[in-house]
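1. structure for the following, please:
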Amino acid sequence: MLKLGVIGYGGRIQGMVNIIESLRAGAQLVAITDVRNDEIRRQMRARGRNPDDIAFFTEADEMLDQMALDGALVGTRCSLHSAMAQKVLRRNLPLFLEKPVATTMTDLLALKQAGEDSAGRVVVSFPLRVTPLAQLAKQIIDSGQIGTVEHVQAYNNVPYGGVYYHYWYRDESETGGLWLQKATHDFDYINYLLGIQPRWISAMMSKQVFKGDHPAGLACKDCPEERVCPESPYTLWLAGEINSPDNPPWEPYLCSFAVDTGNEDSGSALIEYETGMHVSYSQNFFARRGAATRGATLLGYRGALQFDWYTDEVKVHMHHTPRVETHRVDSKALSHGGGDTALAQSFIDVMRGASESVAPLEAGLLSVLMCLKAKQSAQTRSFQAVAWD
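-> Predicted coordinates:
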């Protein structure tokens with residue numbers, strides 16, 4: 001049996017553990033480190049799982065020292081990802097690490113050094129790169145069908161952007177901002193598809209919508225505008241976007257037009273790569289419904305490849321012949337478009353020593369470096385080198 005330990009048993013890691021265990025590879029959760037252990041026990045019993053089979057800890061070091069684990073998963077809030085990952089790496093254990101792998105340059109550099117010093121292999125939670133959609137795009141690009149990719153236009157219009165203003169995600173000291181929350185995925189899949197190194201980045205970000213003068217900490221349920229505000233749970237319930245008009249019992253909806261909402265609500269970056277080609281990327285958090293889109297157009301001289309996770313399609317437009325190829329992928333019902341299952345299988349293989357990670361630590365480090373440099377560029381209105389020195 002492969003014995004799993006979790007540090008930070010949040011919803012995302014719970015989902016990954018469920019997938020890992022469902023693959024029938026003999027992997028089983030045996031230990032949890034969290035500050036909410038009583039609550040976790042109650043939730044497990046309510047869902048039909050016996051918590052008595054699991055050892056609970058409040059300190060990661062105690063779990064890692066006392067339990068003979070085959071692998072550890074880190075799913076704490078973002079600001080602790082690097083510190084907890086370093087603890088695992090010091091034990092040379094296989095590690096599944098939630099993104100972003102760090103939220104500050106200090107934490108990023110410390111994690112980079114820990115990775116270099118460790119024999120433990122890492123699977124970073126980058127599901128997009130291993131979805132069937134991205135794998136198909138990679139296969140077509142690598143075949144040379146469209147020629148060498150010489151320009152990329154990438155985009156992410158997030159239809160559920162309210163989550164970054166209603167909940168704890170609004171606390172930038174925890175998240176590091178929305179480059180690290182969203183663009184970290186997109187920068188990674190772009191790097192993966194291109195297979196070349198970024199060298200320079202320039203970015204802008206703005207906060208035009210989710211701002212206002214409502215009091216800090218105001219909950220929607222206490223707001224006199226609850227019945228008319230387009231972001232309140234009541235209005236979202238009427239629109240069929242959530243299942244209940246009541247605030248979720250685990251965390252209240254907070255006003256997304258208050259003085260303390262935090263986070264930019266759109267951002268754009270230009271990235272130059274080592275060959276001289278460049279990528280334009282834009283993300284937006286107030287798009288809704290049919291405006292949702294996440295994908296890219298990659299252009300070579302011979303053709304252009306377009307894909308979008310919301311349509312589950314890859315299109316190849318040939319430039320010199322009147323031909324368009326459309327490939328449809330049936331992955332919408334799968335967790336993260338099928339990427340989570342691929343990550344789970346990779347982590348099992350890494351724990352067994354059967355193969356290398358499909359999303360190694362180096363990819364996570366580079367993505368965060370790009371995000372931090374993009375944020376710095378936007379704040380200082382300057383080009384930033386994507387470099388470690």
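
2. please count neighbours and contacts with C-alpha atoms only from this point.
-> OK.

3. I'd like the distance from the helix or strand encompassing Ile19 to the chain centre, please.
-> With the criterion set as DSSP states H and E, the secondary-structure element containing Ile19 is helix 11-22. When distances are taken as CA atoms, centre = their mean, to the nearest Å, helix 11-22 is centred 15 Å away from the chain's centroid.

4. stretch 152-160 now?
-> 14 Å.

5. list the strands paired with whichever helix or strand comes after the helix holding Ile19, with their directions.
-> With elements assigned by DSSP H and E, the helix or strand that comes after helix 11-22 is strand 27-33. When pairs are called by DSSP bridges, strand 27-33 turns out to pair with strand 2-7 (parallel), strand 55-57 (parallel).

6. and of these, who's closest to His317?
-> Each of those was checked against His317 via CA to CA, and the shortest separation belongs to strand 2-7, namely 45.1 Å.

7. okay, now the residue lying closest to Gly300 once chain neighbours are set aside: neighbour count?
-> If the residues on either side of it in the chain are set aside, Gly300 comes closest to Val149, at 4.4 Å by CA to CA, 6 or more residues apart in numbering. Other residues within reach of Val149, judged by other CA atoms under 10 Å, total 22.

8. for Val149, give its distance to Glu272.
-> Between Val149 and Glu272 the distance is 13 Å, computed by CA to CA, to the nearest Å.

9. ok, which of the strands paired with strand 27-33 comes nearest Leu29?
-> Checking those against Leu29 by CA to CA gives strand 2-7 as the closest, at 4.6 Å.

10. tilt between that closest one and helix 11-22?
-> Orientation of strand 2-7 against helix 11-22 (axes from the mean of the first three to the mean of the last three CA atoms, to 10 degrees) gives an angle of 180 degrees.

11. host element of Met44?
-> Take DSSP H and E as the rule and Met44 turns out to sit in helix 37-46.

12. how far off centre is that helix?
-> Centre-to-centre, helix 37-46 and its host chain are 26 Å apart (CA atoms, centre = their mean).

13. and it with strand 27-33, angle?
-> Our comparison of helix 37-46 with strand 27-33, counting by the same axes, to 10 degrees, yields an angle of 150 degrees.

14. the helix ranked longest in the chain packs against which elements?
-> Longest helix in the chain, counting residues (DSSP state H): helix 361-380. When contacts are defined as 3 or more CA pairs under 8 Å, 6 or more residues apart in numbering; DSSP states H and E, helix 361-380 sits against helix 105-117, strand 122-124, helix 184-194, strand 198-206, strand 384-385.

15. of those, which approaches Met318 most closely?
-> The closest of the helices and strands packed on helix 361-380 to Met318 is helix 184-194. By CA to CA, the value is 18.8 Å.

16. contact partners of the closest one?
-> Contacts of helix 184-194 from elsewhere in the structure, counted by CA atoms under 8 Å, 6 or more residues apart in numbering, are 99-100, 126, 128-129, 134, 137-138, 141, 149, 197-198, 363-364, 366-368, 370-371.

17. please check the residues you listed and keep the buried ones.
-> With neighbours counted by 16 or more other CA atoms under 10 Å, those contain buried members at 99-100, 126, 128-129, 134, 137-138, 141, 149, 198, 363-364, 366-368, 370-371.

18. picking up where we left off before, return the helix holding Met44 as PDB; C-alpha atoms alone will do.
-> The C-alpha coordinates for helix 37-46 follow below in PDB (Å, rounded to 0.1, in the frame of the first residue of the first chain):
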ATOM      1  CA  ASN A  37      -9.100  18.400  12.600                       C
ATOM      2  CA  ASP A  38     -12.400  18.200  14.600                       C
ATOM      3  CA  GLU A  39     -14.200  19.700  11.700                       C
ATOM      4  CA  ILE A  40     -12.600  17.400   9.200                       C
ATOM      5  CA  ARG A  41     -13.600  14.400  11.300                       C
ATOM      6  CA  ARG A  42     -17.200  15.500  11.300                       C
ATOM      7  CA  GLN A  43     -17.100  16.100   7.500                       C
ATOM      8  CA  MET A  44     -15.600  12.600   7.000                       C
ATOM      9  CA  ARG A  45     -18.300  10.900   9.000                       C
ATOM     10  CA  ALA A  46     -21.000  12.800   7.200                       C
END
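
19. about what we covered before: quick check, distance from the longest helix of the chain to the centre of its chain.
-> On CA atoms, centre = their mean, the centre of helix 361-380 falls 14 Å from the chain's centre.

20. list the contacts of it.
-> Applying CA under 8 Å, 6+ apart, the contact partners of helix 361-380 are 99-105, 108, 112, 115, 121-124, 179-180, 183-185, 187-188, 201-205, 269, 383-387.
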